[in-house]
Structures are given as C-alpha cells and as structure tokens.
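Visitor: Using only what follows, build the 3D model:
(chains A, B and C)
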Amino acid sequence: MKTGVCVFLAAFVSLGASWCGFVLAPVLQLGGAKQTVILQTTDNWPLQRTGDATLGLQVYRANGCAACHTEQVRQTGMANEVTLTGLGIRKPEDFSAFAKSLFVLPELASYTNAIAASLNGWNGALPKTLFITGDNDLASAMADRLKAAGVKSETRLVATGADIARGWGLRQSVAADYLYDQPVQLGSLRAGPDLANIGVRVPDANLQMNHLYAPKSVAPNSTMPSFKFLFEVRQKINGAASPDALNLPKEFAAADGFEIVPKPEAKQLAAYLLSLKANVPLYEAPFTPAK
Amino acid sequence: MSDENKSCSVPSTGEPVAMQSTTPMWIIVTTLILLFIGGVYFDRHSGWFDVKVYSPYSSAENLEAYQPKSSEGAFIARGKKTYEAVCGTCHGPDGLGKPDQAPPLAGSEWVTSKGINRLIHIPLVGIAGPISVAGKDWNMNMAAMGAALPDEDLAAVLSYIRSSWGNKASSIESDDIKKVRATIGVGAQPVTVEALMKLPE
Amino acid sequence: MNPTENKSCCTNAIDASLRVPLLALFGGAAVWLVVGLVLGLIAGIKFHAPEFLAGCPLLTYGHVAPAANDAVLYGFCIPAALGVILWIFARLSQNPLALPLVPVVAAHLWHLGVFIGTAGILLGGSTGHTWLEYPRAAAVILFTAFLLIAVSAAATFGWRREQTLYPSHWFLFAALLWFPWIYSTANLFLNSNQAPRGVVQPIIAWWFANNLVFIWLALVGVGIAFYFLPKIAGRPLASYGQALFGFLALIFFGTWCGIPQGAPVPAWLPTVSSVAAGLTLLPLLAILIVTVKTTCCANVSCKGGSFCFIKFGMMSFLVSGILYVAAACPQYSRILEFTWFGAAQTQLQLLGFAAMILFGAIYYLLPLVMDKPLPLPKFAKLHFWLAIAGVLLFIVPLAIAGVEQGGKLADANVAFADANAVALKFLRISTTGQLLILLGAVLFAVNIFIMTIQWKLGIAKTVIAYIKSPLETSEVKS
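Guide: Residues are numbered from 1 along each chain as shown, chains lettered A, B, ... in the order given. Alright, predicted model coming up:
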C-alpha cells in the first residue's frame, strides 16, 4: 500500500507538471498579450475587426470551416535576396563576366557559378534578382562588393518555405496575428488551401461570395461543397437585379427572372475572410516589405 | 526467486497478479541518455522560453540577426549618440548652442545648406574667426572635432543635426565625407569664413 | 467465446451488482458507436462527392466530421471504458459495486450529454476547438456524469476486501483523475465567457486533445489490457517493474506531447513537445515488452475471441504511438502536419486501439455479468474480422494519403488541387474500410441489444411471477 501512495503521488506530480507547463505557463506568458507594432513603422497590429467580420468568424466556426482549412502560414527559414537595381556604367552584356571577376573573395568564390547561371540569358531588365542566400554575412559582403564596383543593389530579407512560395503569406504566422480571434480557428487539415492571407490574395468580397455559393465557378478543380444555404434565390423585383445579387457565370446563375442574394451570414463570412491578412513584418517574423 | 514463484501461482479469486520485479536498469539508462539528447535539442531550438522566438529561429540572437539593419532610424540614432559624446558639450543637447561657447545648430543656415561641402569642412578642419549664424554674430574658434571620427560616424552626426530640432535637410552619406576628406591635406589649419566661402558649395 | 471461470458465490454477487449500470453504459455506447460511424461514413463520402447532402445545412462536412469523432470518443469509448473500469475495480477489490445506483443515473446523464452535444454541433453550436466541440450545456452534463461514476469507482476501491494493488489500478485510477482535470480545465478556459485571448486557446486545446486522445485512451486501454491479458492467458503479468516504468514514463513524458512543430506559438512549446514525444518511445517500449512477455507463451486459441481483440488493440496502440512520435519529429512534422496522416493516427488510436480493447473486454465480461452466454457468438466472431479488415482498410490508405499529400504540399511547384487529388484516390479505399467497421459495430450493437431485451424479458417474467405468486400463497393461506 505504501508503494501505492508513492505511485499515486508521482503520478499526481507528473500530471500537475504538464498542467503547469502547457496551461498555466502559456496563460501567464501569452494571455496578457497586447497589440504589437508593425516593423519599422508606428502602426499597430493586428487591428480590431469590423462588426461584420467579427460576426463572420462565428459563421466560420458554426459551419466548421476549420475542418478543411487552416489559418496558419509556416516558414522554413529566411533568405537574403540580392537584387540589382542599377548598373551604373556597366552594360548588361558584359555584366556576367564582370560579376565573376567581382566575386574573387574566398567566401564568395563558390557562388560565382550560381550567379553566372542566374545571369544566363538575362536581357538586362531591372530589377534583377542576382542571388538568394540564407547567410547574412555573405549577403552583406556581396552588397559591399557591388557597391564598390559602382553597381546599385538592394538586399531584401524574405521568408522561405512552401507555404510562402504558394503565396499563402509573406511570413509565418505568430501569436500576435490571433489576438482578436474568438475562437482561434487554426485548423489541422489542408483539404482546402490555407486562409491566413486570403484577404490579400482574394480581396474581392463578391468573388468570395461567388466561391461560397458555387465553388467551381471560381476554382474549377475545387472539392469544396457549395454553401447554398447561406444564400437566397428570389424573384427579381420588377425584373431588375438587386445591387447585392451575385454576378455568376451562366451555368451557375439562377433561372431567368430570379437572382441569388447573399443572406447576412454570407456577407459576414466574406467580410471575415477579407480581414485575414499575413502580409506585414513583425519583430518576431521579420522580412523586407515591398515598397 | 521464491517470491516470484509465490506470486506466479494464480490465487483462488481468479484475478490476475503481477510478477514481482524491479524496473530493469537498461531502460533507466536509456531514459537518461535520451533525456540528455533531448536537453541538447531543447537548448539549440527552444529560444529558452523567449516569447518572441518562433521556429525556425533558434534563439533571441538568431532572430535579432535578421532584423532590418542600417535603416534610416538606426543611422540617425547612431548620429545622436556620437553627437552627445562629441558635440553636445558645447552645442548643447538641444542644438541651441551656448552663449560665448558655441553658436546654435538648430535653424543654422550653415547646417541646413543645400550643398554639403562647406558643412563637412567645418568638423574636419575646424573654424576660426567671426561667423554669422541665424542672424547673430559670433567670434570664436572650433577645433577639428570630426577629423578623428570614422566617415560613417561623421556622416551620421551631420545627418542627425540636419534632421533634428526643426532642421529638415537631406542626410549625408559616408561616401560624401570620404570625398571631402580626400581634398584636405594633412595638417590643415582651421578655416576662416572667407576661406570657407571660396570653397565650392 | 465464453470464458470458463470458476465462479464463486462472491464473484457472482460482484457481477450481479454491475448488471444494471453496465447495461446502461454499454447499451448507449453501442448506439453512439453506430451513430458516430454512420456520421463518419457520411463525412467520408462527402470527400468524393462534395455535393452529397450539401443542401442540408445540418450535415455539412464541418458539422458531420467533428460530430462523428466526438460520438465515437465521447459516445462510445468513454462510457464503455467507464463500464469496464467499474467491473475491473469491483473484481480486483473482491467487493460488489459501491453506490450501484449512482452509475446508473450517471450513465443516462452521460448519454443525454452526448445527445445534446451532437445535436449542438449539427445545429452550428460547436465551440470550434477540436475534441471540445460540445457546447457548454453538454460539457457540464458530461463532467458531472463522469464525476459520479468516478466516485462510485473510488468507493468500490475504498471498501475493498483484497488489499493488494495491481498495475491496472494505477492506469485506471490515473484515468479517472485525469479526465475531470483536463476536461474542466479546457472547458473553463475555452468554453467560458472569459476565454484567454489569442493563441493561448489552441495551446490549451492541443494540450487537451493530446491528453484525451493519446494519454487518456492509452491509460484506459493499457490498464484494461493489463487486466485481461494475464487473466485470459492464465499467466502473471510480466512484470511489475516494467509496468510501473511504462505507467510513470507515459504520464511523465506523454502528457507534454501534442503541440505541432509549425504552430504559431513561441518555439519552446513545440520544442518541448517534440522532445517529450521522443521520450514517449520508452514507455511504449516498456508496455510492448510487458504485453509480449505476458502473452507470448500463452496457449489461448484466438479465433476472434476477446484475447484477439485485446491483442490486436495493443498492436494498434504500439503502431499508433510510433506514428504519433514520428509525426512529432521535426523533420517529418513539417511534411505530415495538416495532412490526412494526423487523422489516420487519431482514428487508429480510437478504432484500432481503444475500441478493439473495449470490444474484447465487453465480450468477455458481459456474459459473466448477465450470467448468460452471448446470444449470437457468431456475430461476435464476424465482428472481429470485420473490425480488423475495416481498421486496416481505413487507416493504412489514410496514412499513405497523408504522406503523399504532405510530400506534394511541401513542393510549391505542385498545384494545390493536384496535392488534394492524390489524397482523394486513397480516401476511396478508406471509405470502404469505414463501411466494414460500421457493419462490425452493428453486429456488436445487435448482441448487446438482444442481451438487454432478454434481460428485460427476464425481469418482466420475474415480476409477473412475483405478482402471481402472492395471490397463490394467499390462496393457500386462505
């Protein structure tokens, strides 16, 4: 029985430790989070959602959209993108040979071929991405060389990874992004594309609503079911379409004399989708924004 | 052994019993080895509970290394620091100057001039004799306070004074300092205003 | 099918004391299992035919999929496990069930809670957190019902006649303690008006999901298996020390798993989780050794009996555990996260491990409790083969689909629709597996249903006999 008490105590401590570590500690560390500031600006992030978008999150939750969609961008690393912005006195034709002669430094020498390859078949159009490297020192050494040679270049910090390459966001998602989500709908399966940046990718509310009503009208390969019950098919009043009516391609449109009008839920959901953005740099997820 | 035999005999109740034994040593040793490996992994990847560190960044230093560098703000901040160390004693932290010590920099036409050649000359070689600043006449000497500063720092200081206390002039790059410095011979004496006005703008 | 056990007068009394509560728990559980699997099948079909039942707002994929998972876990696994725990506690204590009315009330309360919860999800009242979808009303009912049953189990233990503790005691006690702990924590934080802001919510939800689906089911499943395997094999559990290590290491390391690698949370959380997942291999190994050593030399013919159900369940546990650890490994996690692989692992844990062990245990103990052989033993045998074939057909393609889909998603040159299409091919086979599992579950439910009817008829007969008998005696007297 003595062993029994010891085992019970050990088990109790183990379970309590897990509770302290994964419930208490995150609540203390992140529970009091406030707005943060967009990198190199004084603008706050994230902004409070509009009323419609806040209600839209509830439509998203109630319909279980998170069963198929995630709302989080992942990133595998960082890279410095060295881009030519001006050639000075150099000519595009001989820049390749010139570039080779530039990178005689031992730490750059092994990249000369890569740079030469990227310049192969280049017609001189600027800006031209010269080289992408994860190594900060390498990038700044290269920028110094180019500057010394009178060539103008720009080094941009970009996030890397398949999600970023698919255009699902410019950087990974961080805790700050979800500050005003109630509940936070991260999702765990990508049967549909990620939505963390959908407000930037598809910024058109009408297109969003077309997609909700008839997914194949926007994406022919879509496996998303139609959410027709968020819309109303009704007779046109005096034959005139209402301003809200969806403008669908012929094969998806309602019969003559009828129109498809979004219910408030559809409008709210569209407003919520438009509010999803992952395109600003933060301290914990830096990158160089486009000018 | 006899204990084990005893416990092996199924009791009359038909309920199962466990063979008495202690936890084998090898599994405890393996646990300790794995714990050590896990600790090393944690040390390399966790950022030690830093709230700002997200994978793939491995630590606060690693994240700091990727913060945008040499931005306008950082450059000006560097200039401010140098100003307070080198110039602020006489010209004042507010750039208003001090009576009988140094003329103001705030609102000074010498500081905010469009051409920068003459402005750069002043800290590089010093200035002597009467000078009119913002409608007031001064007569004193300034040593070549900036001659010993690196180009980068001097550019930062001049950019700072040109953009502070209401001054709104373009910033100066270290290359500009380099060019002016090249035109000045070794052991140059402080210039007078007449000599300064003869230089290109 | 029926175990030959020397039933003393004492065990008879113990078993009889559990008759009513176990029928209430298992009967509802069997119904929810069938309901959950039907909903799961609908969800599966929706993936091949997105427009299937799309017009019905109640049955969208986002409603059906969580309702199906919750019905299997909350509707079947938990009440069935509680029933088996009550029986094991009574048997190990050599004591009839304490407070026998409490679990009867709790069982009905529990099934009411699951009903409210399922209806809530289908009507759009889901909380939006995985495994916690049930709305507040249902959560309160479930929590109360669980506590009532745990009290009854603890009282049975407290008044025990047999003093020796057995390894199953640790596992099952920890399970009885841990569920109310995690369920109340998760609901108080996530299902209240004062929910913490932002990403703390998914952190708590991940912690809860890991501790419910991985740890709680493991505690229950392994605890039950460690009771039945030696009992059926007629050999002692081999051995105490390894079982103790397996238990302590499982809750010491395993409770820290569950935060995915790519999660938008500070790096220390996923790092701790992946280290913990790696260390969880050790308890898995210890539990495997105990299982193999206990069963290897046992001369028990299988043929679809309880022993096979439980052995297959333990194999599934090991595979599911290894998949879980593999998915937490940073290199693989980046590929497997957000794919069907996670669903495959979860379903293996639910249907391949927990459900199989519970089937085995129920098929073993129900005839003892009812003091009657299974009405349709052939159905039980057929259930075993259908369940095995179903689980393999369901899980294996799903896991492969996840790996393929993950590989394609990690390559930005592959269009998203193509990555999705790759998975759909495998999902067709999975749906067949789901159908087989459902058929097996129906056979299981039929057996329990007939047993319940027989029992009720028996009671009716007794009652009628009783009503008649006083008349007879009075006649005699007069």
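Visitor: Only C-alpha atoms from now on, for both contacts and neighbour counts.
Guide: Fine.
Visitor: For chain B, which segments count as strands?
Guide: Under the criterion DSSP state E, chain B contains strands at B:130-133, B:136-139.
Visitor: now those as JSON lines including mean pLDDT?
Guide: Written out in JSON lines, the entries for the strands of chain B read as follows (pLDDT from 0 to 100):
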{"stretch": "strand B:130-133", "mean pLDDT": "86"}
{"stretch": "strand B:136-139", "mean pLDDT": "84"}
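Visitor: Pipe the ones you listed into a markdown table and attach distance to chain A and mean neighbour count per row.
Guide: As requested, these are exported to a markdown table (distance: least, CA to the nearest CA, whole Å; neighbours: other CA atoms under 10 Å in any protein chain shown):
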| stretch | distance to chain A | mean neighbour count |
| --- | --- | --- |
| strand B:130-133 | 36 | 16 |
| strand B:136-139 | 39 | 12 |
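Visitor: As TSV, these with distance to residue A:280 would be great.
Guide: Formatted as TSV, those follow (distance: least, CA to CA, whole Å):
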stretch	distance to residue A:280
strand B:130-133	45
strand B:136-139	49
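Visitor: now the ones you listed as CSV including distance to chain C?
Guide: Rendered in CSV, the data for the strands of chain B read as follows (distance: least, CA to the nearest CA, whole Å):
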stretch, distance to chain C
strand B:130-133, 55
strand B:136-139, 59
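Visitor: Find the residue at the geometric middle of the chain.
Guide: You didn't say which chain, so I picked chain A. Centroid-nearest residue in chain A, with CA atoms, centre = their mean: residue A:169, separated by 1.7 Å.
Visitor: could you do chain C instead?
Guide: Among the residues of chain C, the one closest to the centroid is residue C:77, at 2.8 Å (CA atoms, centre = their mean).
Visitor: What are the phi and psi values at that one?
Guide: Main-chain torsions, residue C:77, degrees, to the nearest 10: phi -60, psi -50.
Visitor: continuing past the worst-scoring helix or strand of chain A on mean pLDDT, what's the next helix or strand?
Guide: Least confident helix or strand, chain A: helix A:106-109 with a mean of 66, by mean pLDDT, DSSP states H and E. Using DSSP states H and E, the helix or strand that follows helix A:106-109 in sequence is helix A:112-119.
Visitor: residues of that next one that come out buried?
Guide: Across helix A:112-119, burial judged by 16 or more other CA atoms under 10 Å in any protein chain shown covers A:112, A:115-116, A:119.
Visitor: What count of nearby residues applies to residue C:163?
Guide: The burial count assigned to residue C:163 is 13, neighbours taken as other CA atoms under 10 Å in any protein chain shown.
Visitor: ditto for the one 5 residues further on
Guide: By other CA under 10 Å, the residues close to residue C:168 number 28.
Visitor: dump the residue contacts of the residue lying closest to residue C:216 once chain neighbours are set aside.
Guide: Spatial nearest neighbour of residue C:216, chain neighbours left out: residue C:175 (5.8 Å); criterion: CA to CA, 6 or more residues apart in numbering or on different chains. With contact taken as CA atoms under 8 Å, 6 or more residues apart in numbering or on different chains, residue C:175 is in contact with C:216, C:219-220.
Visitor: tell me which element residue C:175 falls in.
Guide: Taking DSSP H and E as the definition, one finds residue C:175 inside helix C:167-190.
Visitor: For the residue of chain B found nearest chain A, what are phi and psi?
Guide: Residue nearest to chain A within chain B (CA to the nearest CA): residue B:52, separated by 5.3 Å. In this entry, residue B:52 is assigned phi and psi values of phi -90, psi -10 (degrees, to the nearest 10).
Visitor: show me where pLDDT drops low in chain B?
Guide: B:1-13, B:69-74 (pLDDT under 70).
Visitor: Do a quick rundown of the helices in it.
Guide: Assigned helices in chain B, in chain order: B:2-8, B:25-45, B:60-65, B:72-86, B:88-91, B:109-112, B:117-125, B:151-162, B:174-183, B:193-198 (criterion: DSSP state H).
Visitor: go on, the stretch 201-350 of chain C?
Guide: C:217-233, C:240-253, C:268-295, C:306-328, C:330-336, C:340-347 (DSSP state H, counting those that start in this stretch).
Visitor: closest to residue B:183 out of those?
Guide: Taking CA to CA as the criterion, residue B:183 comes closest to helix C:268-295 out of the helices of the stretch 201-350 of chain C, the separation being 56.4 Å.
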